[in-house]
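A.B. asks: Below are the sequence and a predicted model for it; my questions follow.
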Amino acid sequence: MANPKYACFEGEIVPFEDAKLSIVTPAVKYAAHVFEGLRGYWNADQEEMYVFRMAEHWERMRASMKVLRFDAEYTNDYLSECLFRLIQANELREDVHIRLSAFVGGEGEMNASGPTVMAITALPKGRMVKDTGGLHCCVSSWTRISDQTSPPRVKCAANYFNGRLAFMQANADGYDSTIILNAGGTVAEAPGACVYIVRDGVLATPAVTEGILESITRATVAQLFAEYFDLVTQERAIDRTELYSAEEMFLCGSGYQILPVISVDRLDVGAGEIGPLTSAMSEKYTSIARGDVPDHGEWRTPVYAAQAG
Ligand SMILES: Cc1ncc(COP(=O)(O)O)c(C=O)c1O
């Protein structure tokens, strides 16, 4: 699919091809780059684009930039206004995947903290992983990075080296995706998504100290399960073999949304098909994100109404 006409670069709407970084930037040389990935949902009935949990993404971006000592700080208003202008310039009226990046530009060395260069893209995009009715995953032989080495709660490009190793190995071995264990041997996350299981009817997801990105979708899902299904999510360490004995399992993330896992290491999860809680959550999540139901309006930012106002 062709790229949209424009990107946002340093706050300006520029032709997509002109949004470029030099090869001598610390962003390129040392992966000095933090980012956010979020979705805009097109609601055809309402002729509106809703950006899901935008403020939470802007806040996490600031947290990542702080840990990596970037020299700039962007306000919610500035980022939102840039994004709205970008969507309007591209006249986007379909689901989009939005990426906000902050790069260390200039020609500095490894310890450079600026100048920070900000860019936003909004690309029409479906799911980012093959979704053929449930994923076949393996447990990776790679180990998840840790807070002492390359903190997983910081959403920086460098951390995706670890996920890429695991993901590409899994693909080479014939799996759709993979579950990465932390140095303690318990479940961390998948490359680009968090993990949920259902065991004996109880929901569980690795705690935020298990080597995961503090996922906005993971928190959303726990809240929705509590509010709509009266189910509490345990946040705890999860053993590898619990994946084999779970009756349901799914991955979740802004990009992946709710993605069922139907086997791990060629062992069926439950009956080897998409489980009822997974399906129910998938429906609930997308109906709320798209604004098909009025619930949780505070999580949706309407782009075109914001522009009109
Ligand atoms: C490594 C990793 N874990 C988890 C997630 C899910 O996070 P969120 O729900 O905030 O998109 C992502 C998504 O970007 C990710 O890259």
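C.D. replies: On my side now, so go ahead.
A.B. asks: buried set for stretch 238-249?
C.D. replies: Buried positions in stretch 238-249, judged by neighbour count with 16 or more other Cβ atoms under 10 Å: 238, 242-243, 246, 248-249. In this view, the C-beta of every residue, glycine as well, is placed from N, C-alpha and C.
A.B. asks: Taking these, tell me the two that lie furthest apart.
C.D. replies: Ile238 and Glu248 (13.4 Å; Cβ to Cβ).
A.B. asks: Could you name every residue contacting both of these two?
C.D. replies: Ile197 (Cβ atoms under 8 Å, 6 or more residues apart in numbering).
A.B. asks: Pretty sure Asp95 sits against Pro124.
C.D. replies: Yes. If you go by Cβ atoms under 8 Å, Asp95 and Pro124 touch, sitting 6.9 Å apart.
A.B. asks: tell me which parts of the stretch 51-200 of the chain are close to the ligand?
C.D. replies: 163, 189, 192-194 (Cβ under 6 Å from any ligand atom).
A.B. asks: In helices, which of the buried residues of stretch 238-249 fall?
C.D. replies: 242-243 (DSSP state H).
A.B. asks: want to throw the buried residues of stretch 238-249 into TSV with pLDDT and distance to the ligand?
C.D. replies: TSV is the format used below for the buried residues of stretch 238-249 (pLDDT from 0 to 100; distance: Cβ to the nearest ligand atom, whole Å):
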residue	pLDDT	distance to the ligand
Ile238	98	15
Glu242	98	19
Leu243	98	17
Ala246	98	19
Glu248	98	19
Met249	98	15
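A.B. asks: what does the stretch 201-309 of the chain put close to the ligand?
C.D. replies: Residues of the stretch 201-309 of the chain lying near the ligand (Cβ under 6 Å from any ligand atom): 213, 215-218, 253-255.
A.B. asks: Among those residues, which ones are in strands?
C.D. replies: Gly253 (DSSP state E).
A.B. asks: Who does Glu248 form a beta bridge with?
C.D. replies: Following DSSP bridges, Glu248 is listed with bridge partners Val198.
A.B. asks: could you list every residue that touches the nearest residue to Glu235 once chain neighbours are set aside?
C.D. replies: Nearest residue to Glu235, sequence neighbours excluded (Cβ to Cβ, 6 or more residues apart in numbering): Ala207, at 4.4 Å. By Cβ under 8 Å, 6+ apart, the contact list for Ala207 reads 235-237.
A.B. asks: One more: Trp142?
C.D. replies: For Trp142, the contact set (Cβ under 8 Å, 6+ apart) comprises 162, 165-166, 169, 180.
A.B. asks: Domain boundaries for the chain, per the record?
C.D. replies: 6-124, 135-290 (automatic domain parsing).
A.B. asks: Nothing else from me, thank you.
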